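> Provided below are the primary sequence and the corresponding predicted coordinates.
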Amino acid sequence: MPESLSVWSERLQQARSRIEEMHKRKRQLEQVEAEVKKQREIARNCLSRSEMEQADVEELNKLSLSRVWHRITGKLEERIGVEEREAAEAQLKYDSAQAALQALEQEKAETSRLYGEVMNAEAEYERLLKEKAEWIGLHDPGTAARLEELTEEIGLLLARLRETEEAIRAGNRASERLTAASEKLRSARNWGTYDMLGGGMISTHIKHNRIEEARQIMHEAQHALRMFEKELADLNWRSGAGEVEIGGFLSFADYFFDGFLTDWIVQGRINEALDKVEQGSQEVTLQLRRLSGESASLNGQIGGKRNEHKALVEGA
């Protein structure tokens, strides 16, 4: 059993911080499990649509009444083009849904692992409290009571600081992905302008490649933004003071996988997508500034309470 108040306080601070982390990980696990269930259904529906559209293409490409009818009306090639475009769009949406599902499955596995590391935190804390109660009975009850208050306060502040730092890391990841997407879209816009001025097949091909690269990066950005939004929501729920506002980070990312697919070679759509990405990047930057300020404030509070704690221990 520890023989000084300073050792007891340190152990209890760590145990209290682990309890706060346990509650957070449990909420995150429940949330991501619900999201996996929802996304799995979305992917299933997208797959059904893709299979249906592909069947329509195959129907027109084989000898059938539908093919004969469109051949008679002189619209066979036009109809095949429409069906192939719809099949390609449906496949892209399925790919997007499947990528999002895989990302959520990975998130679920990691969250489950983190929760497993702290799931017994409350039992450990109760055990330490019982041991300390026996120790306090033999020493200075007045000083011990104030130290216990400080220990509790410091533990809560440390938990809050850890969550704030996690949110900052998530925001930095989202910002990096948005910057990468913006660079690809700018390149696509430049090549698109050249293409409109008669750049030829090479410029068209490069423009399409840049848009496809941006679309892939936006898969990563969308997941990073969702993680950032979760961290901010958790901070806001913890504080109850609305210190960090939560913006609409995900709507513009969804835009990337909707109408943009069916009209992706039009220059105006590239500019619109670039504007959406840059707006999201600006909002992430704003939230990161606020988080940085909160981190500095928390560190100051923790330092002050630790100094008070140290002074009490030294004077006990």
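Looks like it arrived, so ask away. Numbering: from 1, shown residues only.
> can we go C-alpha only for contacts and neighbour counts from here?
Will do.
> Next one: A181 from K276, what distance?
Distance from A181 to K276, counting by Cα to Cα, to the nearest Å: 11 Å.
> Neighbour count for those two, which is higher?
Remark: of A181 and K276, A181 carries more neighbours, 27 against 17, as counted by other Cα atoms under 10 Å.
> Let me know the helix or strand that the more buried one is in.
Per DSSP states H and E, A181 falls inside helix 141-196.
> which helices and strands does the helix or strand following that helix pack with?
Toward the C-terminus, helix 141-196 is succeeded by helix 201-239 as the next helix or strand (DSSP H and E). Contacting helix 201-239 under the criterion 3 or more Cα pairs under 8 Å, 6 or more residues apart in numbering; DSSP states H and E are the following elements: helix 76-118, helix 141-196, helix 251-256.
> Looking at those, which one is packed in the most?
helix 141-196 (a mean of 19; mean count of other Cα atoms under 10 Å).
> That helix to helix 201-239, inter-axis angle?
160 degrees (axes from the mean of the first three to the mean of the last three Cα atoms, to 10 degrees).
> Can you name every helix or strand that helix 141-196 contacts?
With contacts taken as 3+ Cα pairs under 8 Å, 6+ apart, helix 141-196 sits against helix 5-61, helix 201-239, helix 267-315.
> Now do the longest one, average pLDDT.
Averaged across helix 5-61, the pLDDT comes to 87.
> picking that back up, so which of the helices and strands packed on helix 201-239 comes closest to A296?
helix 141-196 (9.2 Å; Cα to Cα).
> Just the mean pLDDT for that closest one, thanks.
Mean predicted confidence for helix 141-196 is 83.
> what about that helix, distance to the chain center?
Put simply, helix 141-196 sits 10 Å off its chain's centre (Cα atoms, centre = their mean, to the nearest Å).
> just stretch 117-129 next, same as before
For stretch 117-129 - counting by Cα atoms, centre = their mean - the centre lies 29 Å from the chain centre.
> likewise stretch 285-302?
On the basis of Cα atoms, centre = their mean, stretch 285-302 sits 20 Å off its chain's mean C-alpha point.
> what comes up buried for that stretch?
For stretch 285-302, a neighbour-count test (16 or more other Cα atoms under 10 Å) marks 285, 287-288, 291, 294-295, 298, 301-302 as buried.
> Format those as CSV; extra columns: distance to Q222 and pLDDT.
Formatted as CSV, these follow (distance: Cα to Cα, whole Å; pLDDT from 0 to 100):
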residue, distance to Q222, pLDDT
T285, 16, 90
Q287, 17, 90
L288, 17, 92
L291, 20, 94
E294, 25, 92
S295, 25, 94
L298, 29, 95
Q301, 34, 95
I302, 34, 94
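> what's in contact with stretch 100-116?
With Cα atoms under 8 Å, 6 or more residues apart in numbering as the test, stretch 100-116 has contacts from 22, 25-26, 28-29, 32-33, 35-36, 39-40, 43, 219, 223.
> Which of these sits closest to A174?
H223 (8.2 Å).
> So that closest one versus A170, what's the distance?
Distance of H223 to A170, given as Cα to Cα: 10 Å.
> what's the answer for A123, then?
From A123 to A170 the distance is 30 Å (Cα to Cα).
> W8 now?
Distance from W8 to A170, counting by Cα to Cα: 34 Å.
> Over to L232?
9 Å.
> same deal with K130?
38 Å.
> Next: E110.
Taking Cα to Cα as the measure, E110 falls 15 Å from A170.
> Give me the spatial nearest neighbour of A167, chain neighbours excluded.
E231 (5.0 Å; Cα to Cα, 6 or more residues apart in numbering).
> With R306 as the reference, measure out to that neighbour.
According to Cα to Cα, E231 and R306 sit 27 Å apart.
> who's more crowded, the two?
Between E231 and R306, counted using other Cα under 10 Å, the more crowded position is E231 (24 against 16).
> Got the confidence number for the more buried one?
On pLDDT, E231 comes in at 88.
> pretty sure it is touching R162, no?
No - here E231 does not reach R162: they are 10.9 Å apart, not a contact under Cα atoms under 8 Å.
> ok so, going back, out of the helices and strands packed on helix 201-239, the one nearest K310 is which?
K310 sits nearest to helix 141-196 of all the helices and strands packed on helix 201-239, at 9.3 Å, using Cα to Cα.
> got the angle between the closest one and helix 5-61?
Helix 141-196 and helix 5-61 are oriented at 30 degrees to each other (the same axes, to 10 degrees).
> Burial check on A224, number of neighbours?
For A224, the neighbour count with other Cα under 10 Å is 23.
> quick one, what contacts it?
Counted by Cα under 8 Å, 6+ apart, A224 has contacts 170-171, 173-174, 177.
> any chance of those in JSON lines, plus distance to L138?
Converted to JSON lines, the contacts of A224 look like this (distance: Cα to Cα, whole Å):
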{"residue": "A170", "distance to L138": "47"}
{"residue": "G171", "distance to L138": "49"}
{"residue": "R173", "distance to L138": "51"}
{"residue": "A174", "distance to L138": "53"}
{"residue": "R177", "distance to L138": "58"}
